[in-house]
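Chemist: Build me a model:
(chains A and B)
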2 protein chains.
Amino acid sequence: MTRDVTILTEADLRKAVPLDLAAVDCIERAFRELGGGKVVMPPVLSMELPAANGEVDVKTAYIPGFDSFAIKVSPGFFDNPLIGLPSLNGLMILFSARTGLVEALLLDNGYLTDIRTAAAGAVAARHLAPSEVETAGVLGTGVQARLQMQAAHLVRPFRRALVWGRDRNKAEACARDIASLLGIEAAISESPAALAAQAQLVITTTPARAPLLQTGALRAGMHITAMGSDQAGKNEIAPAILAAADLYVCDRISQCETMGELSSACAASLQAQVSPVELGSLLYGTAHGRQSDSDRTICDLTGTGVQDTAIATLARDAAMRLGLGATIGV
Amino acid sequence: MTRDVTILTEADLRKAVPLDLAAVDCIERAFRELGGGKVVMPPVLSMELPAANGEVDVKTAYIPGFDSFAIKVSPGFFDNPLIGLPSLNGLMILFSARTGLVEALLLDNGYLTDIRTAAAGAVAARHLAPSEVETAGVLGTGVQARLQMQAAHLVRPFRRALVWGRDRNKAEACARDIASLLGIEAAISESPAALAAQAQLVITTTPARAPLLQTGALRAGMHITAMGSDQAGKNEIAPAILAAADLYVCDRISQCETMGELSSACAASLQAQVSPVELGSLLYGTAHGRQSDSDRTICDLTGTGVQDTAIATLARDAAMRLGLGATIGV
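Modeler: Predicted coordinates for the structure are as follows:
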């Protein structure tokens, strides 16, 4: 008996899944379910390929109420740019949550990961940033710098953007892109500290291995989302900031303890001074979010399988509505 | 820049990868590399979907010298037969071991897993069974019962086959198939003990949760390969048999301790009496195999990522030589 499997390419998926409020709401629903405690989300499978300076991660989650679950494979091969290829890559496979049969192959080259990662930033901003954000700042100048600002703007329509990067030219290009994308004023900052001094919402998107923001950067009424750390050894904000914040939220405590900003706080023996709350618990209503406009809040995002299952399901449904993709009988 | 990804269906893969000595040699090479110590093989990622009586396993391994590595996803949804679908399923994805780019999607519905699993049985028989096997017996009457006997016959061309199963009709059908496939005599046995009393090579392929073979079943000069246990709670042979054997070999010690026959020996506090040797160490030459024709040997196979990477690479190469499959630009 032959069944049809849907095959969607990156081009299809870019048409089907823009970074919009539907994507943000979809990721918010996934986190809310995670907070409900009935999600099954195993630890990330990670494999290193030292001979190729590569690694591959596999994430998945089963979310009650979603008809499908995704398995996402994300290779990162860091010598690829030397031969003109991107470092990051990958695909998602969507399976029926009732029968386990393959439903769709999403050959997204990492596009859906970009979208679900930025959407999680918007969920954090929606629930943790102060209600009024005049200026938002981003550390880093890559794809996520642009997407995170775009996503945050959906929920906090700030009028001014600041960008800091180690490479001034890249920072200027990133600021120009953000200004053009969002139709707002955007400028570069001379330092992470100068940026943090002017922004009510700061998003860090770098692969830094030493803190870019020191104690004092987190002022009253401010929110920082740190999403660059996704591996042991990465660290964007000083561990003392986590201890000093009024509220530290993260996507998954167990995961952030090994690969997020929380891991650096643990390494600095500051974990007793941090009371981690999961984003899902906050959305599900079992934990409190920001209590006042003067609270200083942090969100630490490492990327979770629920986001992958949610975005892959959204993508397949949207692609089917639009008649995109090919099918193959298996 | 668009790249081509090869898509192979189960029909393509059945043409490309028969169960033959090339498949056995390919799996043997994978185990030998595993014994060499330079393979990277993370623990299996496992996720349960209790609402659907389902589970999904992900296996992978990087093998130096192989151009590619596979990620295999194996869903098992045990209520599927109620709606006319197979319980087991899945696919493999082949990635370049140099760049991490997706090379091929192998939509095999579990076929390649069947082949690599049977081929591992043949590797075990080749290196552990007595040199002369007149009669081989199999417990179980499913796909693996047939394939394991077919694979073992490639390396030990026995003249007589015995089959035992809980369902006499299924056992008779299985014996008829084996007789026809291998052109030999095949009969059913009345009990696992009766089968073991007459065979020099026994292969167990059942999902049993209580031992089918008791102490005494393992006679001098005999070899048993137990390949049914692949999850905690499964158990085909009495733990005391492991302790009594002259040699206990398994595919991966760490994995067999949690999901193989070894796990039952550990649960029975017999692990101090078992000295596990990995099949790869034996092939690599760092451990001894059978020392005499009278040795009583066991091989415990739970299924490993090296087998998946090896068979997926073989399958892609064979399919390309035969001009099979479709391509899609991504």
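Chemist: Can I get stretch A:242-260 as CSV, trimmed to CA atoms?
Modeler: Coordinates of the C-alpha atoms in stretch A:242-260 are reproduced here as CSV (Å, rounded to 0.1, in the frame of the first residue of the first chain):
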residue,chain,number,x,y,z
LEU,A,242,21.4,36.5,36.4
ALA,A,243,21.8,36.7,40.2
ALA,A,244,20.9,40.4,40.3
ALA,A,245,17.8,40.2,38.1
ASP,A,246,14.3,40.3,39.6
LEU,A,247,13.3,37.5,37.4
TYR,A,248,15.3,34.9,35.4
VAL,A,249,13.2,32.9,32.9
CYS,A,250,14.5,30.2,30.5
ASP,A,251,13.1,27.9,28.0
ARG,A,252,14.2,24.7,29.7
ILE,A,253,16.0,24.6,33.0
SER,A,254,17.7,21.3,32.5
GLN,A,255,19.0,22.4,29.1
CYS,A,256,20.0,25.9,30.2
GLU,A,257,22.0,24.4,33.1
THR,A,258,24.3,22.7,30.5
MET,A,259,24.2,25.0,27.5
GLY,A,260,22.6,28.3,28.4
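Chemist: what about that stretch and chain B, touching?
Modeler: No - judged by Cβ under 8 Å from any Cβ of the partner chain, stretch A:242-260 makes no contact with chain B; its nearest approach is 13.9 Å. Every C-beta, even on glycine, is put in place using the N, C-alpha and C of the backbone.
Chemist: Now that stretch: buried residues?
Modeler: Judged by neighbour count using 16 or more other Cβ atoms under 10 Å in any protein chain shown, the buried positions of stretch A:242-260 are A:242-245, A:247-252, A:255-257, A:259-260.
Chemist: which of those residues has the weakest pLDDT?
Modeler: In terms of pLDDT, the lowest of these is A:Met259, showing 91.
Chemist: ok, now which ones touch that residue?
Modeler: A:229-232, A:234, A:302 (Cβ atoms under 8 Å, 6 or more residues apart in numbering or on different chains).
Chemist: Please apply the same query to A:Ala267.
Modeler: Per Cβ under 8 Å, 6+ apart, neighbours of A:Ala267: A:Pro239.
Chemist: Also A:Ala208?
Modeler: Contacts of A:Ala208 by Cβ under 8 Å, 6+ apart are A:228, A:234-236.
Chemist: Make sure it is indeed in a strand.
Modeler: No - looking at A:Ala208 with DSSP: H, G, I helix; E, B strand; the rest coil, it is coil, so not inside a strand.
Chemist: quick one: it from chain B, how far?
Modeler: 23 Å (Cβ to the nearest Cβ, to the nearest Å).
Chemist: Could I get the contacting residues of A:Leu45?
Modeler: Contact partners of A:Leu45, counting by Cβ under 8 Å, 6+ apart, are A:57-59, B:42-43, B:45, B:58, B:60.
Chemist: so A:Met92 touches A:Ala312, yeah?
Modeler: Yes - shown here, A:Met92 and A:Ala312 form a contact pair, counting by Cβ atoms under 8 Å, at 4.5 Å.
Chemist: just to revisit the earlier point, so which of the buried residues of stretch A:242-260 is the closest to chain B?
Modeler: Using Cβ to the nearest Cβ, A:Gln255 is the member of those that lies nearest chain B, at 13.9 Å.
Chemist: What does the pLDDT read for A:Thr2?
Modeler: 81.
Chemist: Am I right that it is in contact with A:Gly329?
Modeler: Yes - assessed by Cβ under 8 Å, A:Thr2 is found in contact with A:Gly329 at 4.1 Å.
Chemist: Which secondary structure element is home to the residue nearest the centre of chain A?
Modeler: In chain A, the centroid-proximal residue (Cα atoms, centre = their mean) is A:Thr117; its distance is 2.6 Å. In the assignment (DSSP states H and E), A:Thr117 maps to helix A:111-128.
Chemist: tell me which strands and helices that helix is in contact with?
Modeler: helix A:10-16, helix A:21-36, helix A:143-155, strand A:223-226, strand A:247-250, helix A:279-284, strand A:297-300, helix A:305-322 (3 or more Cβ pairs under 8 Å, 6 or more residues apart in numbering or on different chains; DSSP states H and E).
Chemist: Out of these, which is closest to A:Gly65?
Modeler: helix A:21-36 (6.6 Å; Cβ to Cβ).
Chemist: quick one: contacts for the closest residue to chain B within the stretch 201-330 of chain A?
Modeler: Residue of the stretch 201-330 of chain A nearest chain B, by Cβ to the nearest Cβ: A:Val330 (4.4 Å). For A:Val330, the contact set (Cβ under 8 Å, 6+ apart) comprises A:2-5, A:102, B:9-10, B:107, B:109.
Chemist: cool, A:Asn80 as well?
Modeler: Contacts for A:Asn80 were tallied using Cβ under 8 Å, 6+ apart; they are A:86-87, B:99-100.
Chemist: hey, where'd the strands end up in the stretch 51-200 of chain A?
Modeler: Taking DSSP state E, counting those that start in this stretch as the test, the strands found in the stretch 51-200 of chain A are A:54-61, A:68-77, A:91-96, A:102-107, A:135-139, A:160-164, A:185-188.
Chemist: so which of these is the most packed in?
Modeler: Mean neighbour count, computed with mean count of other Cβ atoms under 10 Å in any protein chain shown, is highest for strand A:135-139 among those, reaching a mean of 28.
Chemist: Which residues does the closest residue to chain B within the stretch 101-250 of chain A form beta bridges with?
Modeler: Across the stretch 101-250 of chain A, the shortest distance to chain B (Cβ to the nearest Cβ) belongs to A:Leu107, at 4.4 Å. Counting by DSSP bridges, A:Leu107 is bridged to A:Thr9.
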